[in-house]
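In: following is a predicted model, sequence given first.
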Amino acid sequence: MKTSLEQFDKAFENRIRLQIMSVLLANEHYDFISLKDLLDVTDGNLASHIKALEKEEYIIVNKTFIGKKPNTQYSVSEKGRKAFIKHLEALENLIKQQKH
Amino acid sequence: MEEKDIHSELASIRSLMERSSKFLSLSGFSGVMAGIYALIGAFIGYRIVNEKYGSLAISDSYTDNSMIYHQLIMIAVLILLLSVTSGLLLSIRQAKKKGENYWNPVSRRLISSMLIPLFTGGLFIIILFLRLEYDLIASACLIFYGLSLISASQYTFSDVKWLGFCQIILGLLAALIPASGPLFWVIGFGLLHIIYGTVMHFKYNR
């Protein structure tokens, strides 16, 4: 089937973006440093993917300070949640179709 | 996209969701250690009481001697400190072995969810102690510890919840049956910890 490929979200083509979304779906919020640790990526790499997701309005950025240290928390937006679930469904459909 | 790729993609999503929201490096072996400390402590406590009265008898018979209670409390505090230290050190080691950072949002949530019931319980026990209500101390230890385990279980293996329920039931029984506190304390903190730790060790820490 070719149609299900169209359901794939371009924003999730990159694995790291999909991973960021997975973490944010499972948690109320997550901070930059912990996310970097968990995904084992560089600062720049993570920042660029976050920017991309932010541009799609899939994630919400909340910048605060703990003392003088910046503490940036990310959470998933309603739009992002829907897009992620749709992407997962598309993946599952693809598996089902290939089984036939 | 190949089917194999999709499967690995879905598996990675699932694992990441779990790893990011649950602390899975909790050491089962430290549960066994805590149980052994409790048994040793209980044995020493038994010896102290036995030496003084010749038998464990009914706890009412030594409530008049607060010296003995001070010694028993000291032992209990020591067991608590040893157990917490072992639990922390072994879990940190487990996390390091897996190449994970042990100080992450989940471990912080795990600890803070445990601390609220534990701190409340600690204060309550101090109040019982000050009011000379020694009879209910063992029961309160078990109940508040059980509550803290249930509260923590959402951030780690869900099996922890069952240990929590068992501790609460033992705590209630200890409150219901007069002078049974020490016995249920030994079952809860000693025996249950050893059983739980052994199961967890073989189930998760290979």
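Out: Nice, thanks for sending it over.
In: what does chain A have sitting close to chain B?
Out: A:5, A:15, A:18-19, A:22-23, A:25-27, A:30-31, A:34, A:37-39, A:88, A:91-92, A:94-95, A:98 (C-beta under 8 Å from any C-beta of the partner chain). Every C-beta, even on glycine, is put in place using the N, C-alpha and C of the backbone.
In: just the buried ones from those?
Out: With neighbours counted by 16 or more other C-beta atoms under 10 Å in any protein chain shown, these contain buried members at A:18-19, A:22-23, A:25-27, A:30-31, A:34, A:38-39, A:88, A:91, A:94.
In: could you work out the most separated pair of the residues you listed?
Out: A:Asp31 and A:Leu94 (33.4 Å; C-beta to C-beta).
In: returning to that earlier point: which one of the buried ones among the residues of chain A next to chain B is nearest to A:Asn71?
Out: Out of those, the member with the shortest distance to A:Asn71 (by C-beta to C-beta) is A:Asp31, at 6.0 Å.
In: that closest one pairs with what?
Out: Beta-bridge partners for A:Asp31, by DSSP bridges, are A:Gln73.
In: who's in contact with it?
Out: Counting by C-beta atoms under 8 Å, 6 or more residues apart in numbering or on different chains, A:Asp31 makes contact with A:Asn71, A:Thr72, A:Gln73, A:Tyr74, B:Pro105.
In: turn these into TSV, columns for pLDDT, distance to B:Cys166 and neighbour count.
Out: Formatted as TSV, the contacts of A:Asp31 follow (pLDDT from 0 to 100; distance: C-beta to C-beta, whole Å; neighbours: other C-beta atoms under 10 Å in any protein chain shown):
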residue	pLDDT	distance to B:Cys166	neighbour count
A:Asn71	88	39	13
A:Thr72	92	42	17
A:Gln73	94	37	17
A:Tyr74	96	38	20
B:Pro105	90	29	23
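In: in CSV, list those residues along with distance to B:Ile79.
Out: Compiled in CSV, the contacts of A:Asp31 are given as follows (distance: C-beta to C-beta, whole Å):
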residue, distance to B:Ile79
A:Asn71, 38
A:Thr72, 42
A:Gln73, 39
A:Tyr74, 42
B:Pro105, 30
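In: I'd say B:Gly41 and B:Ile73 touch.
Out: No. The criterion here is C-beta atoms under 8 Å, and B:Gly41 misses it with B:Ile73 at 11.1 Å.
In: quick one, grab the pLDDT at B:Ser15.
Out: Note for B:Ser15: predicted pLDDT of 89.
In: from A:Lys96, how far out is it?
Out: 22 Å (C-beta to C-beta, to the nearest Å).
In: and for B:Gly28?
Out: Taking C-beta to C-beta, one finds B:Gly28 at 38 Å from A:Lys96.
In: compare these two (neighbour count), which wins?
Out: Using other C-beta atoms under 10 Å in any protein chain shown, the more surrounded residue of B:Gly28 and A:Lys96 is B:Gly28, with 22 against 10.
In: which residues does that one contact?
Out: Contacts of B:Gly28 by C-beta under 8 Å, 6+ apart are B:Tyr196, B:Gly197, B:Thr198, B:Val199, B:Met200, B:His201, B:Phe202, B:Lys203, B:Tyr204, B:Asn205.
In: in helices, which of these fall?
Out: Using DSSP state H, B:Tyr196, B:Gly197, B:Thr198, B:Val199, B:Met200, B:His201, B:Phe202, B:Lys203 are the members of the contacts of B:Gly28 that sit in helices.
In: how far away is the nearest residue to B:Ile48 once chain neighbours are set aside from chain A?
Out: Nearest residue to B:Ile48, sequence neighbours excluded (C-beta to C-beta, 6 or more residues apart in numbering or on different chains): B:Gln71, at 5.5 Å. B:Gln71 is 44 Å from chain A, where distance means C-beta to the nearest C-beta, to the nearest Å.
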